[in-house]
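1. with the sequence up front, the predicted model follows.
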Amino acid sequence: MISASNVFLCAGLRAAMAYREEIRAAGLNLEVQQFVSARQFTMDYRSEVSRLKLLKDKLGLRYAFHAPFMQLNFFSRNAERAKASYRAMLLSLDVAAELQAEFVVVHSLFIPRRHNTDYGADWPLRAPEFFREVAREAASRGLTLALENMLEKGPESLLWLIDEIDCPGTRVCLDVAHTAVAGGASPGEWVKGLGTALRHIHLSDNHGIHDDHLPLGEGTVDIKGALDAAAAAPHDISLGIECRLRPPENVEKSIRYLAGFGALSGLGRGIQ
């Protein structure tokens, strides 16, 4: 099931501050996408954490958290690079716990189109061990892990990975835009196939070629199919608006699009 009280805006600190009135008026929560680069953990990031804590308290927000996925390679054959990536992941989990995030989104890293032709073969061999460690570290901090699909063709591979991880509470974040770029199962089929493993859905639009992060309704992604399937599910599924935040109208367009669905009709009533 989905509800208007369980919708998150995916944004970094600067954007969250810029859109705080829209967040307040629409009753949104925040999926913190401030620390998406591992490089940020080599600099002074504590001031950003403090400001996010203040924003959370001031607006009474619930937080989710997106782990880093840029400037890292967990599966690198360079041992030092792999270790540095893992350290950045652990620091991000520390921050997520400090922010009392309800769950942490982590990319599955399945991107077989990379120039490294061995990557596709490496993933099923190396992913279970890596994500098993990450899931256990998350659980030790009281966090729930949500693995985000990348270019998988259907839900079976992520269900397999969760089974291999074997850590209670590990679930899935479905990115509907990624399903359109990857081809294969439709967003609605993904939702139904994942069943109770589905925790969160990232929503943005595109035309099936690039992950354009368009406002909802401006592309060809079957967002309605995903929402209909999620609304019929017997368990709570949260939603994340992940469109590009510039120009400012993108956020309002996406909010109004979601408000057109019965289960989300209360969303955005405070927006003029």
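-> Perfect, thanks for sending it. Note that this is a predicted model, so its numbers are computed, not measured. Residues are numbered from 1 along each chain as shown.

2. surely Ile23 touches Gly60?
-> No - checked against C-beta atoms under 8 Å, the pair Ile23 and Gly60 is beyond contact range at 10.4 Å. Glycine gets a C-beta too; all of them are placed from N, C-alpha and C.

3. out of those two, which sits in the busier spot?
-> Shown here are Ile23 and Gly60; by other C-beta atoms under 10 Å, Ile23 has more neighbours (22 against 8).

4. any idea which residue sits dead centre in the protein?
-> Nearest to the geometric centre of the chain sits Val105, at 4.7 Å (C-alpha atoms, centre = their mean).

5. check contacts around that residue.
-> By C-beta atoms under 8 Å, 6 or more residues apart in numbering, Val105 lies in contact with Glu31, Ala64, Phe65, His66, Ala67, Ala146, Glu148, Cys173, His200, His202.

6. got a winner among those for most neighbours?
-> Glu31 (29 neighbours).

7. look at it and report its pLDDT.
-> With respect to pLDDT, Glu31 has a value of 98.

8. need the contact partners of the helix or strand containing it.
-> For Glu31, the element it lies in under DSSP states H and E is strand 29-32. Strand 29-32 is contacted from outside by 6-13, 16, 23, 52, 55-56, 61-66, 96, 99, 101, 105, 240, 242, using C-beta under 8 Å, 6+ apart.

9. and Ser254, its phi and psi?
-> Main-chain dihedrals, Ser254, degrees, to the nearest 10: phi -70, psi -40.

10. what about it, neighbour count?
-> Neighbourhood size, Ser254 [other C-beta under 10 Å]: 28.

11. so where is this structure shaky, pLDDT-wise?
-> Scanning the chain for pLDDT under 70 picks out 113-121, 268-272.

12. quick one, strands of it?
-> Listed in chain order, the strands of the chain (DSSP state E) span 7-11, 29-32, 63-66, 104-107, 145-148, 171-175, 198-203, 238-241.

13. parallel or antiparallel, list what pairs with the longest one.
-> This points to strand 198-203. Applying DSSP bridges, strand 198-203 is found paired with strand 171-175 (parallel), strand 238-241 (parallel).

14. can you point out the buried residues in stretch 7-25?
-> By 16 or more other C-beta atoms under 10 Å, the buried positions in stretch 7-25 come out as 7-13, 15-16, 18-20, 22-23, 25.

15. contacting residues for Arg87?
-> Neighbouring residues of Arg87 by C-beta under 8 Å, 6+ apart: Phe41.

16. let the chain start at 40 from now.
-> Yep, numbering from 40; the last one is Arg126 now.

17. how about stretch 293-311: buried residues?
-> By neighbour count on 16+ other C-beta under 10 Å, the buried set for stretch 293-311 is Ser293, Ile294, Arg295, Tyr296, Leu297, Ala298, Phe300, Ala302, Leu303, Leu306, Gly307, Ile310.

18. Glu60 and Leu98, how far apart?
-> Distance from Glu60 to Leu98, counting by C-beta to C-beta, to the nearest Å: 10 Å.

19. need the strands of the chain in a markdown table (columns: distance to Ser86).
-> Listed next are these as a markdown table, based on distance: least, C-beta to C-beta, whole Å:
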| stretch | distance to Ser86 |
| --- | --- |
| strand 46-50 | 18 |
| strand 68-71 | 15 |
| strand 102-105 | 17 |
| strand 143-146 | 21 |
| strand 184-187 | 27 |
| strand 210-214 | 28 |
| strand 237-242 | 28 |
| strand 277-280 | 25 |
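
20. helices of the chain, start to end?
-> Counting by DSSP state H, the chain has helices at residues 52-57, 59-65, 85-98, 118-137, 158-179, 195-204, 215-221, 226-233, 262-271, 288-298.

21. right, I'll leave it there.
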